[in-house]
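[1] Just need the structure, nothing else, for what follows:
(2 chains)
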Amino acid sequence: MNWRYRFTLFFFLLLFALIIIRLFYWQVVRAQELSAIGQAQYDEQVVSQAQRGEIKTSDGFTITANKLAYLVYANPKVVKDKVSESDVLGKLLDIKNATVSALLSENKFWVPIKSAIDNSVKDKIDAQKLPGIGFEEHTVRFYPEASMAAQLLGFVGKDESGNDKGYFGLEGYYNRLLSGKNGFAIVVHDAGGHPILAKMNDSTVKVDGRTLILNIDRRIQFMLDTELKKGIETYGAKSGMAAVMDPKTGGILAMSSFPEFDPAHYQDSPESFYANPFITSAYEPGSTFKPLIMAAAMNEGLVKPDTRCTICSGPVQIGGYAIHTWDDHYSPNTTMTDVIVHSDNTGMVFIGQKLGLNHMLDYLQRYGIGNTTGIDLQGEEAPAIHPRNEWYPIDLATATFGQGIIVTPIELLDAISAIANNGKRMEPHIVAAVQTPDGQTISIPPKIIDQPISQTTAQVMTQIMVNAVNNGEAKFARLKGYDIAGKTGTAQIPVAGHYDPTKTIASFVGFAPANDPKFIMLVVLNQPSASIYGAETAAPIFFTVAKDIFTYYGIPPNE
Amino acid sequence: MKKPLLLISFLGIIIVVLLLVRISMINSISTTGIKLVDIQNEIDSYNKQNEILKVKYLQAAAYTNIASKAKKIGYVPVKSDIDLSAPLPLALR
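    Numbering: from 1, shown residues only, chains lettered A, B, ... in the order given. Next up, the predicted model:
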């Protein structure tokens, strides 16, 4: 009998050993693999996509929104009648039949046909009940005003991981704020695939992107866009740009540039169109620079409006170069007021000699020339000015009338705004406030960067600039009844070491009403062909937009 | 012997009752997941409709769209403004 007990004991021991070995195999050797298979059966990681923040103009209109879009895909193995489906899809998706047919003939389970189609097209395809055709939902950026302010807004593309990323303009500068943060949740399913309520586990909550509320006034932006485009066509310019700013706060009310691109289809335009030239393109400002130098000399007490120029009777010789006036007309003993009114280069050389290099460079620094303004747009550039020891007398002389020195339009606009704002220079800003997803609004307060000139100097300079508008070269285009302070600019373009007399950058900078400025505007045209002068090209655009702004703001004429 | 039998029977009944309650509760909440999916689908559908309507509204309210429609039906921009700051005398001799 003993052997039977032993046999039974051995049998059970062996059985237990086998069970333990099997359990070890499942729970230790293949534990990870089996756990993953199990989790795949009942766990699902759900990514909760954060909604990208919107961009609104100052009137609350959403100028950049999100729109539902769909990717149309096919499972070619399920598609039976490839010819008729290609025909239907080709017509509805506006793709060649042959292209769709080639996709449907691929030996794959999933082929994308077209992305970013809108809801109405999806509904039409749905109605056809085509076998093997499906949709993947996603969101795309939507720009109701199409290409209006495109270079200011920027666009949304993809990063290396295929995630949305803002490029250029506001989309680029505020990408982190606009993006928000995706949420992840683990949902446990029952055998039927339904989520089990008690087992839902929210690991991270999504945070939607923040909404930007801009200083941009949509009405002024529309007026500026329309008139600038019309002006570029009328005067045959290669390109053009303009911006309107509130000089008291630095808030940018409008900013336009042409040629433009459609941010929703940015791939269709050359990459050179993406950057905003108002903050990136450097140019010689010409006579629009003169008020800055004149104001600096007056601020130092070196000249007064009635100071007379003692070197203005003819061309001025400096370092072997002869400096002429733009029309070769000379006014001996001209006053400083008339130097600005008639845009007299020799008068500016006289001021430069009074001011000297050290004062000049100090003032350029205080006006922000050579430094970025800090505007909240991606890609701002600021060409550096020569170091102090590299300035020659001819450089000082030409810089006084805006040649031989380069600035970006935003630098010039911001510097001139100091004259309009009682000497205070504000930081230009596009965004006025940021709105959190829970509706809280965080305002961005205006910021004073510097006060390069005194209030008195600013007021005197304003009057000189009003005189320049009323009695200068652009007086034919001025708006009667309004006090507008302004200055024309016609800068020659340096080509291969010399200035091309036929190619100019024509501009006009001004602010109004002169006694209590509500806006300052700079219009720049690149190589206008109808006339090379700022007074005959940029100035009329300025006054047309100014007239519209007066009507919009309800500012009556004072005559 | 009778007392333990009674106690055991009582406990047995309690266990059976509790089991029945548990089964009934599980049964009642077993469809909550399905309801949850339905509610979620309904919310998604309303959200989608809102998104579509919002896009339509923004398209209609865009200045570029209004300007092009106005141009199509023959509206032209005003060429000159009339200002009332210096009114003409009514009886001018």
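[2] which residues of chain B fall in helices?
    B:2-29, B:32-61, B:63-72 (DSSP state H).
[3] for chain B, which spans come out with low pLDDT?
    B:1-2, B:79-93 (pLDDT under 70).
[4] again, only using 50
    Scanning chain B with the threshold set as pLDDT under 50 gives B:92-93.
[5] For the residue of the stretch 451-559 of chain A at minimum distance from chain B, give its distance to A:Ala254.
    Taking Cβ to the nearest Cβ, chain B has its nearest neighbour within the stretch 451-559 of chain A at A:Pro556, 4.5 Å off. (Each C-beta comes from the backbone N, C-alpha and C, glycine too.) Using Cβ to Cβ, to the nearest Å, A:Pro556 is found at 22 Å from A:Ala254.
[6] Comparing the two, which shows the higher neighbour count?
    A:Ala254 (28 against 13; other Cβ atoms under 10 Å in any protein chain shown).
[7] ok, whatever residue of the stretch 301-450 of chain A ends up closest to chain B - how many residues close by?
    Of all residues in the stretch 301-450 of chain A, the one sitting closest to chain B is A:Pro437 (14.8 Å; Cβ to the nearest Cβ). Other residues lying near A:Pro437 total 15 when counted by other Cβ under 10 Å.
[8] near chain B, which residues of chain A?
    A:61-62, A:65-68, A:119, A:142, A:144-146, A:148, A:190, A:194-197, A:218-219, A:222, A:226, A:481, A:547, A:551, A:556-559 (Cβ under 8 Å from any Cβ of the partner chain).
[9] What about these, which are in strands?
    Members of the residues of chain A next to chain B lying in strands (criterion: DSSP state E): A:Thr62, A:Ala65, A:Asn66, A:Lys67, A:Leu68, A:Phe142.
[10] Closest to A:Leu361 out of those residues?
    A:Thr62 (45.5 Å; Cβ to Cβ).
[11] need the contact list for that closest one.
    A:Thr62 is in contact with A:Glu54, A:Ile55, A:Lys56, A:Pro144, B:Lys54, B:Leu58, counting by Cβ atoms under 8 Å, 6 or more residues apart in numbering or on different chains.
[12] which parts of stretch A:132-141 are buried?
    Neighbour counts over stretch A:132-141 (16 or more other Cβ atoms under 10 Å in any protein chain shown) mark A:Gly132, A:Ile133, A:Thr139, A:Val140, A:Arg141 as buried.
[13] how far does stretch A:400-420 stretch from start to finish?
    When the termini of stretch A:400-420 are compared using Cα to Cα, to the nearest Å, they are 20 Å apart.
[14] who's in contact with residue 72?
    You didn't pick a chain, so chain A it is. A:Leu89, A:Leu93, A:Pro112, A:Ile113, A:Lys114, A:Ser115, A:Ile117, A:Lys122, A:Ile125, A:Ile133, A:Gly134, A:Phe135.
[15] if we can go back for a sec, could I get the helices of chain B as JSON lines with mean neighbour count and distance to chain A?
    Output for the helices of chain B, formatted as JSON lines (neighbours: other Cβ atoms under 10 Å in any protein chain shown; distance: least, Cβ to the nearest Cβ, whole Å):
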{"stretch": "helix B:2-29", "mean neighbour count": "10", "distance to chain A": "7"}
{"stretch": "helix B:32-61", "mean neighbour count": "13", "distance to chain A": "4"}
{"stretch": "helix B:63-72", "mean neighbour count": "13", "distance to chain A": "4"}
